[in-house]
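> Mind folding the following:
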Amino acid sequence: MSSFVYMKVLESAPWRYDRGIRWLSGGHIEALWQRLAERAAGPGRRVLDIGCGTGGVALACAALGADVVGIDMNAEMLAVARSKTVAADAGGKVEWVELGAAEIEDRFAEACFDAVVSSLALSEMSPEGRRYALRVAWSRLRPGGLLVVADEVRPTDAAARLWQRTRRAPLVALTWLLTQTSTQVLDDLAGLVREAGFTQVRETRPWSSDLAIVEGVRPAEETS
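The predicted structure follows:
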């Protein structure tokens with residue numbers, strides 16, 4: 001999964017993104033989107049997808065009946081997502097918005113979503129950006145609302161960590177040369193989610209030691 005750093009190259013050619021990410025994920029990307037959707041979505045639920053890209057998670061959520069807002073800064077990726085919407089047989093609906101995580105506070109009211117999802121987007125942000133995105137996700141969730149994020153993480157085993165660094169190094173260099181950007185392996189995604197104020201945090205690594213799905217709940221408001 002360390003090859004996800006190469007996503008930055010694929011994002012420069014959005015029409016190739018889905019094919020490329022399917023290859024990079026070992027064929028698991030659709031299953032990942034579906035797993036996130038099954039945790040977060042349902043009929044009538046309002047879901048925010050941060051860094052929605054070409055719309056895989058957002059459309060999977062809509063297919064389960066949710067009303068989804070997918071945000072991304074890349075207009076070309078959103079154009080691909082919109083083209084999929086036409087062909088999708090979704091029970092809910094999707095709104096695509098060209099917007100970065102830093103602008104969420106300006107666009108959406110507090111406590112207006114039942115769930116927030118994000119797939120392979122936090123690793124593209126700066127450390128400060130990740131912390132902000134998770135904090136603002138917490139504030140836009142209703143009490144009891146669910147966060148479900150998936151991203152590239154550091155393996156717990158020392159040998160696996162060494163192998164991850166070895167595999168990533170040439171891809172990081174190539175990606176930087178082509179795009180002047182990169183992604184970062186997250187050392188403790190579950191810890192970042194807890195730091196943002198979420199409780200009932202749970203991490204799973206269903207297919208690989210370096211791809212994690214982390215869930216967390218915004219605590220219900222205390223009653224007097």
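
> what is the rounded mean pLDDT of stretch 95-103?
Averaged across stretch 95-103, pLDDT comes to 95.

> any low-confidence regions in the protein?
Applying pLDDT under 70 to the chain flags residues 1-16, 20, 23-26, 86-90, 155-158, 160-183, 222-224.

> any chance you could map the strands in it?
Per DSSP state E, the chain has strands spanning 46-50, 67-72, 93-98, 113-119, 141-152, 199-204, 211-217. These are given in chain order.

> Include mean neighbour count when you put those strands into a markdown table, please.
All C-beta atoms are positioned from the backbone trio N, CA, C, and that covers glycine. As requested, the strands of the chain are arranged in a markdown table below (neighbours: other CB atoms under 10 Å):
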| stretch | mean neighbour count |
| --- | --- |
| strand 46-50 | 27 |
| strand 67-72 | 26 |
| strand 93-98 | 16 |
| strand 113-119 | 26 |
| strand 141-152 | 22 |
| strand 199-204 | 13 |
| strand 211-217 | 22 |
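
> I'd like to know which of those is closest to residue 133.
Set against residue 133 and scored by CB to CB, the strands of the chain come closest in strand 46-50, at 6.2 Å.

> May I see the strands of the chain organised as CSV, with distance to residue 189 added?
Converted to CSV, the strands of the chain look like this (distance: least, CB to CB, whole Å):
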stretch, distance to residue 189
strand 46-50, 14
strand 67-72, 20
strand 93-98, 25
strand 113-119, 11
strand 141-152, 6
strand 199-204, 7
strand 211-217, 5
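
> Noted, bye for now.
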